[in-house]
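>>> sequence and predicted structure, then a few things I'm wondering about:
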Protein chains: 2
Amino acid sequence: MSYEFDQRIPVYLQVIALFKQRIATRELAPGQEIPSRRELAAQLGINPNTAQRAYKEMEEQQLITTERNVPSRITMDERIVEKIRSELLEAAVTEFIQSVQAIGAPLPEVVGKIEQAYANRGKQHA
Amino acid sequence: MSYEFDQRIPVYLQVIALFKQRIATRELAPGQEIPSRRELAAQLGINPNTAQRAYKEMEEQQLITTERNVPSRITMDERIVEKIRSELLEAAVTEFIQSVQAIGAPLPEVVGKIEQAYANRGKQHA
DNA sequence: CTTACTGTATTAAGTGAGTAATACACCTGT
DNA sequence: ACAGGTGTATTACTCACTTAATACAGTAAG
């Protein structure tokens, strides 16, 4: 189950990103239990402290809730879940626009490529 | 003229990205002289060695050419210029698709957001 | 009660990429 | 010849991130 992490990016940030994605897709449902720090560390092949750091930040961002001596859970707050989704989406759009604009590429050409790539990916996966 | 660099990302990589964009848009034309390492460093407020590292990698990627004791120049090879553009574009598309797919967002919603954001940005800038 | 998990905190050390400081060899114009 | 500009190379320093080793308090189940 160990993920392949990009060495250029801090692992704890990648862990957070991973959880955000799964929360956004409801793959991790609101209220659902998540692995303990030590367990996650074992699963991902990272140090428990790194897992702790990721969880701590997620807690601060209210992505997860933690009670005493009980496995942490995904937040029950639907608004936060939706917020995560919209933030991820907006970030993707913004970054994309910025990149495309920097190259000076025309919109039709770009949208065409997206639809094409999206269609291909869809076939391969689902 | 000093740029605002993202501290999370190595400066020399951001410098390279900057040049790639300008080359792709022909803002930096083939054969055009570019600032010396020290001059660029002064302009961007970075260390000359950082500029050197960026130039060195760009040289390896054949984005620029360097002769002895003469200011480096943008490559004359049009194919490379076009390659840069297509690579940047494809990278943007790929990354975008990946992000969107990870969230499980439907294509129409996404394309709509792009067109909307693109239109707004266009108004603000140009 | 004991055991074995939880989450949390502290401290330290290691690691590596990025950056910086410095020096060198070279060419050119004056 | 000299001064000032090239590109280049070598060597250190720096800092964030990661890992590590413990330690402690609390809950749950046996």
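Great, that's in hand.

>>> could you use CA atoms for every contact and neighbour count after this?
Noted.

>>> point out where chain A drops to low pLDDT.
Residue ranges of chain A with pLDDT under 70: A:1-3, A:121-126.

>>> need the residues of it near DNA strand C, please.
A:8, A:35-39, A:49, A:52, A:55-56, A:66-72 (CA under 7 Å from any atom of the strand).

>>> burial count for A:Ile84?
20 (other CA atoms under 10 Å in any protein chain shown).

>>> now A:Arg8
Neighbours of A:Arg8 (other CA under 10 Å): 9.

>>> can you tell me how far it is from B:Pro10?
The gap separating A:Arg8 from B:Pro10 is 10 Å, by CA to CA, to the nearest Å.

>>> what do you get for A:Arg38?
Using CA to CA, A:Arg38 is found at 32 Å from B:Pro10.

>>> likewise A:Gly31?
A:Gly31 is 38 Å from B:Pro10, by CA to CA.

>>> now swap in A:Gln32 and tell me
From A:Gln32 to B:Pro10 the distance is 37 Å (CA to CA).

>>> who does the host helix or strand of A:Gln98 touch, helix- and strand-wise?
For A:Gln98, the element it lies in under DSSP states H and E is helix A:78-103. The criterion is 3 or more CA pairs under 8 Å, 6 or more residues apart in numbering or on different chains; DSSP states H and E, and the helices and strands that helix A:78-103 contacts are helix A:11-24, helix B:11-24, helix B:78-103, helix B:107-124.

>>> buried residues in that helix?
Neighbour-count burial for helix A:78-103, counted by 16 or more other CA atoms under 10 Å in any protein chain shown, picks out A:80-81, A:84-85, A:88-90, A:92-94, A:96-103.

>>> got the angle between that helix and helix B:11-24?
Inter-element angle recorded for helix A:78-103 and helix B:11-24: 60 degrees (by axes from the mean of the first three to the mean of the last three CA atoms, to 10 degrees).

>>> around chain B, which positions in chain A sit nearby?
Residues of chain A that fall close to chain B, judged by CA under 8 Å from any CA of the partner chain: A:21-22, A:24-25, A:85, A:88-89, A:92-94, A:96-97, A:99-100, A:102-105, A:107, A:110-111, A:113-115, A:117-118.

>>> repeat the analysis, applying 7 Å as the threshold.
With CA under 7 Å from any CA of the partner chain as the criterion, chain A meets chain B at residues A:21, A:24-25, A:85, A:89, A:92-93, A:96-97, A:99-100, A:102-104, A:114, A:118.

>>> in those, find the pair that's most separated.
Using CA to CA, the pair of those lying farthest apart is A:Thr25 and A:Gly104, separated by 32.7 Å.

>>> the two - which one has more neighbours?
Using other CA under 10 Å, the more surrounded residue of A:Thr25 and A:Gly104 is A:Thr25, with 19 against 16.

>>> wait, what's in contact with the more buried one?
Contacts of A:Thr25 were listed using CA atoms under 7 Å, 6 or more residues apart in numbering or on different chains, and they are B:103-104.

>>> ok, A:Phe96 next?
Counting by CA under 7 Å, 6+ apart, the residues that A:Phe96 touches are B:92, B:96.

>>> how does chain A divide up, domain by domain?
A:11-76, A:79-124 (automatic domain parsing).

>>> now render these as JSON lines, adding distance to DNA strand D.
What follows is the domains of chain A, written out as JSON lines (distance: least, CA to the nearest atom of the strand, whole Å):
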{"stretch": "domain A:11-76", "distance to DNA strand D": "3"}
{"stretch": "domain A:79-124", "distance to DNA strand D": "19"}
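
>>> can you add distance to B:Gln43 and give those domains back as TSV?
Formatted as TSV, those follow (distance: least, CA to CA, whole Å):
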stretch	distance to B:Gln43
domain A:11-76	32
domain A:79-124	20
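
>>> mind checking the SS state of the closest residue to A:Gln14 other than its chain neighbours?
With CA to CA, 6 or more residues apart in numbering or on different chains as the criterion, A:Gln14 has its nearest non-adjacent residue at 7.3 Å, and that residue is A:Phe5. A:Phe5 falls in the coil class when you classify it by DSSP: H, G, I helix; E, B strand; the rest coil.
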